[in-house]
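Undergrad: Sharing a sequence plus its predicted fold:
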Amino acid sequence: MSSDIGLIGLGTMGAALALNIAETGFDIAVWNRTTSVAHDFAKGAGDLASRITPAETLEDLVAAISEPRAIILMVPAGEAVDAQIEALRPLMGPDDLIIDAGNANFHDTNRRARAATGPFLGIGVSGGEEGARHGPSIMGGGIRAHWDRVAHILEAISAKYNGTPCATWMGEEGAGHFVKAVHNGIEYADMQMIAEVYGILRDGMNMRAADIGAVFDRWNEGPLRSYLIEISGKVAGAYDTAANGPLLDVIVDAAGQKGTGRWTVIEAQHLAAPVPAIEAAVVARNLSSQRDARAAGEALFGAAPKELPEGTLSETVLEQAMIAGKILCYAQGFAMISAASDAFGWALPLPDIARVWREGCIIRSDMLNDMAAALTEDPDRNLMLAPHFANLLKMNHDGLREVVAQGALYGLPVPALSSGLAYFDAMRTHRGTANMIQGQRDFFGLHGFERLDDGSTGQHGPWAHD
Ligand code: 6PG
């Protein structure tokens, strides 16, 4: 039997993706470094086993796939990918395609695409294990003709939004992994904003986890409807028998990270693309891991008051803050994608990016459909200026301001929400304050400034003649 496609790496995500491919009706050959894993996987695949061919060796894997071959790599991002390509490529024919579907840094994907001695794609796959198994969102990068060869498989296994596959080619080389990185940056900011509001409900409003879960459940029926709000409701509502209370209350408050959010922030700085809410989220994760230092800080300075006077904030105002914060965070992410598109000579399809994020991925939400519509109208316009989102911001930014202000007064940290607010205020201020910075730069370095009144450039202040 000749398989339609191959897959290397049967970890959680690889195994789920392989089952998805088999279930969608394709025959798949699989190989894992530990050979028994491939056999056990095929044996445990139940009805799908007939579509799965476990391979003993890489040579067997290649031989099991019909030509021209396509093999998906689901190995840990980094050196393991290079090692796997190095081992696999010599065994493959000149038209055979390698697809890296891990969470690669897009710079690595650029490098691999340039160095490739045969067809190569880098695809971002989002949706966690559940998504990989039943329909992820897929962001492809590489030569378009190579994508087209496997698009029927990737579209078939992807999530569908009203029947439309959430799998799209984003551009050359590392474009797919770049878009996936920004997805993860937005994911970090979205999660952080939810965590900040959770903190206000818990510490500022003294609510129990189950009641907080109910708040998220209610929000999931309105404009905030999204996967992350939905699971936050479930996380807050979970009961732990060992603790005989809410599970959330016994989870250590130190967040892990594998680096994709950090890559987004580093790249945003290189591109001079402002993504302050995403930066704040990465910083918050870094701070969260400094538990001992935080404990020492609390012992030294005393805990902040935190508890808000009765009636200071309502569920409605918090919802407004979340709506405004979310729009601003996505606006930053899409603006960064637009900046990268120009800087890297990619024509990243912004409306399509919003479309593939509507289902399957971690940041899927109702708002993304409206974002797709707004970006279709004008892909170059900042989302916060699009009429639909401008109206939402007009209705909700006061709520965001109220929450940030009360957070500051009562020592409830809201870094992502307040970064979102600062971005909003900066982005609606025509006359800013950088004239002072230009004056300072000219004072100490004669860097020159432009005059507002006559437009002349390279001007200096009187200090230049001292
Ligand atoms: C997704 C997720 C997924 C994964 C990341 C998150 O889109 O399916 O983003 O890729 O959960 O690894 O990573 P952190 O460990 O950095 O939170």
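TA: Right, received. Where do you want to start?
Undergrad: Could you list the low-confidence segments of this structure?
TA: For the chain, the stretches with pLDDT under 70 are 1, 465-466.
Undergrad: What residue in it comes nearest to the ligand?
TA: residue 126 (3.1 Å; C-beta to the nearest ligand atom). To be clear about C-beta, it is placed using only N, CA and C from the backbone, and glycine gets the same treatment.
Undergrad: can you pull the contacts of residue 160?
TA: With contacts defined as C-beta atoms under 8 Å, 6 or more residues apart in numbering, the neighbours of residue 160 are 135, 166, 359.
Undergrad: Over to residue 278?
TA: 185-186, 188-189, 261, 264-265, 268, 329, 332-333.
Undergrad: Quick check: closest non-adjacent residue to it.
TA: residue 185 (4.2 Å; C-beta to C-beta, 6 or more residues apart in numbering).
Undergrad: circling back: now intersect the contacts of residue 278 with the helices, please.
TA: If you go by DSSP state H, the contacts of residue 278 have 185-186, 188-189, 261, 264-265, 268, 329, 332-333 in helices.
Undergrad: okay if I get these as CSV plus neighbour count?
TA: Below are those laid out as CSV (neighbours: other C-beta atoms under 10 Å):
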residue, neighbour count
185, 29
186, 27
188, 28
189, 33
261, 24
264, 29
265, 20
268, 24
329, 30
332, 29
333, 29
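Undergrad: where does this structure come near the ligand, residue by residue?
TA: 103, 126-128, 184, 187, 256-258, 260-261, 361-362 (C-beta under 6 Å from any ligand atom).
Undergrad: what about burial for the residues you listed, which qualify?
TA: Neighbour counting over these (16 or more other C-beta atoms under 10 Å) leaves 103, 126-128, 184, 187, 260-261, 361-362 as the buried ones.
Undergrad: Tell me, how many residues neighbour the nearest residue to residue 17 once chain neighbours are set aside?
TA: Excluding the flanking residues, the one nearest residue 17 by C-beta to C-beta, 6+ apart is residue 132, at 4.5 Å. Per other C-beta atoms under 10 Å, the neighbour tally for residue 132 reads 25.
Undergrad: Now do the contacts for residue 132.
TA: Residue 132 sits in contact with 13, 16-17, 20, 125, where contact means C-beta under 8 Å, 6+ apart.
Undergrad: then the helix or strand hosting it to PDB, C-alphas only?
TA: Here residue 132 sits within helix 128-134, counting by DSSP states H and E. C-alpha atoms of helix 128-134 as PDB (Å, rounded to 0.1, in the frame of the first residue of the first chain):
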ATOM      1  CA  GLY A 128      -3.300  22.500  20.700                       C
ATOM      2  CA  GLU A 129      -3.800  18.700  20.800                       C
ATOM      3  CA  GLU A 130      -7.600  19.000  20.300                       C
ATOM      4  CA  GLY A 131      -7.100  21.200  17.200                       C
ATOM      5  CA  ALA A 132      -4.500  18.900  15.700                       C
ATOM      6  CA  ARG A 133      -6.800  15.900  16.200                       C
ATOM      7  CA  HIS A 134     -10.000  17.400  15.000                       C
END
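Undergrad: Return the set of buried residues in that helix.
TA: 128, 131-133.
Undergrad: Please apply the same query to stretch 10-27.
TA: 10, 13-22, 26-27.
Undergrad: And stretch 341-349, by the same measure?
TA: 341, 344, 346, 348-349.
Undergrad: Contacts for that stretch, please.
TA: 168, 170-172, 175, 178-179, 271, 337-338, 340, 350, 379.
Undergrad: The same query, at a cut-off of 6 Å, please.
TA: 170-171, 175, 271, 337 (C-beta atoms under 6 Å, 6 or more residues apart in numbering).
Undergrad: Now do the end-to-end distance for it.
TA: 9 Å (C-alpha to C-alpha, to the nearest Å).
Undergrad: what's the spacing between that stretch and its chain's center?
TA: Relative to its chain's centre, stretch 341-349 lies at 18 Å (C-alpha atoms, centre = their mean, to the nearest Å).
Undergrad: Ok, stretch 360-371 next?
TA: 12 Å.
Undergrad: Likewise for stretch 8-18?
TA: On C-alpha atoms, centre = their mean, the centre of stretch 8-18 falls 21 Å from the chain's centre.
Undergrad: With adjacent residues omitted, what lies nearest to the residue most central in space within the chain?
TA: What sits nearest the mean C-alpha location of the chain, by C-alpha atoms, centre = their mean, is residue 184, with 1.7 Å. Nearest residue to residue 184, sequence neighbours excluded (C-beta to C-beta, 6+ apart): residue 260, at 3.8 Å.
Undergrad: so how far is residue 15 from the one you found?
TA: 21 Å (C-beta to C-beta, to the nearest Å).
Undergrad: same deal with residue 111?
TA: 28 Å.
Undergrad: Check residue 256 too.
TA: 22 Å.
Undergrad: So residue 273 is in contact with residue 334, correct?
TA: No - in this structure residue 273 lies outside contact range of residue 334 using C-beta atoms under 6 Å: 10.2 Å.
Undergrad: Would you point out the most distant pair within the buried ones among the residues of the chain next to the ligand?
TA: 127 and 261 (16.9 Å; C-beta to C-beta).
Undergrad: where do the strands sit along the stretch 1-150 of the chain?
TA: For the stretch 1-150 of the chain, the strands defined by DSSP state E, counting those that start in this stretch occupy 5-8, 28-31, 52-54, 70-73, 97-100, 120-126, 137-142.
Undergrad: What helices and strands are in contact with the fourth one?
TA: Secondary-structure packing of strand 70-73 (3 or more C-beta pairs under 6 Å, 6 or more residues apart in numbering; DSSP states H and E): strand 5-8, strand 97-100.
Undergrad: Put together CSV for those, with mean neighbour count on each row.
TA: Listed next are the helices and strands packed on strand 70-73 as CSV, based on neighbours: other C-beta under 10 Å:
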stretch, mean neighbour count
strand 5-8, 26
strand 97-100, 26
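Undergrad: I'd like those as CSV, with distance to residue 457 appended.
TA: Below are these laid out as CSV (distance: least, C-beta to C-beta, whole Å):
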stretch, distance to residue 457
strand 5-8, 57
strand 97-100, 47
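Undergrad: Out of those, the one nearest residue 425 is which?
TA: The nearest among the helices and strands packed on strand 70-73, by C-beta to C-beta, is strand 97-100 at 41.0 Å.
Undergrad: what's that closest one in contact with?
TA: Contact with strand 97-100 is made by 70-73, 81, 119-123, 146, as judged by C-beta under 6 Å, 6+ apart.
Undergrad: of those, buried ones?
TA: 70-73, 81, 119-123, 146.
Undergrad: Now the terminal residues of stretch 106-125, how far apart.
TA: The first and final residues of stretch 106-125 sit 13 Å from each other (C-alpha to C-alpha).
Undergrad: next one: it to chain centre, how far?
TA: 20 Å.
Undergrad: Give me the residues contacting it.
TA: With C-beta under 6 Å, 6+ apart as the criterion, stretch 106-125 contacts 94, 96-101, 104, 136, 138-142, 146, 173-174, 176-178, 180.
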